[in-house]
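J.: Provided below for reference: sequence and predicted model.
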Amino acid sequence: MWSKLSALNPVVLLFISGAVLSWGLYVPVVHEATLKLQSNLRAFLMVGIAYFLVAVLVPCLFIFGVGDPTAKASPNFNGGPVAWGIAAGVAGALGALCVIFAVNKAGPGGAFLVAPLVFAGAPIVNTIATITVFHPVKQMPSPFFFLGLLLAAVGAAMVMLNKPETPKAPPAAPAVTAVQPPAQH
């Protein structure tokens, strides 16, 4: 296993680190956005604007401007491949929306509760979908493969059950009312 990791190109490791950092910060940052904007949908709108800026403008600059450094063949905007790209975007956007609502409904400390479940559960779903539907394997993986999936689930449960307590908000000060002097007769 370590030989497989050490064989990865340093640029690949850099991009992996970027994804881990970005997605690792996503839940707490989006939770702050929902609190500060006082709306799940406003936070989701800001996420959408960010997606537009990063996922629409940057690729357009490359594809239609300086050239697509990732192209493996001539441009292909045919219906089937475009539908797969849109399906991927819908899956990502729905996941983001679900995270936003889950963190909000989980209450104080919601990011501690939601993130471990999402980021341990998603790789399990990804792995099962990949080996059964998208790139079916010819033979059953090693028992250690399934042990790894089980450990991911157990790890998420341990994090969730032992999450740090978030500080409680101080109690609100009692309202002060002015005392009226007695009426003079």
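T.: Looks like it came in fine. Numbering: from 1, shown residues only.
J.: what sits against residue 26?
T.: Applying Cβ atoms under 8 Å, 6 or more residues apart in numbering, we find residue 26 in contact with 96, 99. Just so you know, the C-beta spots here come from the backbone N, C-alpha and C atoms, and that holds for glycine as well.
J.: Just say helix, strand or coil for it.
T.: helix (DSSP: H, G, I helix; E, B strand; the rest coil).
J.: repeat for residue 8
T.: coil.
J.: All the strands of the protein, in order from the start?
T.: Counting by DSSP state E, the chain has no strands to list.
J.: Where do the domain boundaries of it fall?
T.: Domains of the chain are assigned by automatic domain parsing as 9-69+82-107, 108-163.
J.: Pull the distance from the longest one to the chain's centre.
T.: Between the centre of domain 9-69+82-107 and the centre of its chain there are 7 Å (Cα atoms, centre = their mean, to the nearest Å).
J.: now do the last one
T.: Relative to its chain's centre, domain 108-163 lies at 14 Å (Cα atoms, centre = their mean).
J.: Could you work out the end-to-end span of it for me?
T.: Taking Cα to Cα, to the nearest Å, domain 108-163 runs 12 Å from one end to the other.
J.: if we can go back for a sec, flag whichever of the domains of the chain has the least confidence on average.
T.: When those are ranked by mean pLDDT, domain 108-163 comes last with a mean of 87.
J.: Pull the contacting residues for the spatially closest residue to residue 128 that is not a sequence neighbour.
T.: Spatial nearest neighbour of residue 128, excluding adjacent residues (Cβ to Cβ, 6 or more residues apart in numbering): residue 149 at 7.9 Å. By Cβ under 8 Å, 6+ apart, residue 149 lies in contact with 124, 127-128.
J.: Report how many residues lie close to residue 52.
T.: 10 (other Cβ atoms under 10 Å).
J.: Distance check, it against residue 46.
T.: Distance, residue 52 to residue 46, using Cβ to Cβ, to the nearest Å: 11 Å.
J.: and if you look at residue 35?
T.: 13 Å.
J.: Between the two, which is the more surrounded one?
T.: residue 46 (15 against 12).
J.: The more buried one is in contact with residue 37, isn't it?
T.: Yes: counting by Cβ atoms under 8 Å, residue 46 touches residue 37, with 7.1 Å between them.
J.: Ramachandran angles for the residue nearest to residue 112 when sequence neighbours are not counted?
T.: Nearest in space to residue 112, with sequence neighbours left out and distances taken as Cβ to Cβ, 6+ apart, is residue 163 at 4.0 Å. Phi and psi for residue 163, reported as degrees, to the nearest 10, are phi -60, psi 150.
J.: All set now, cheers.
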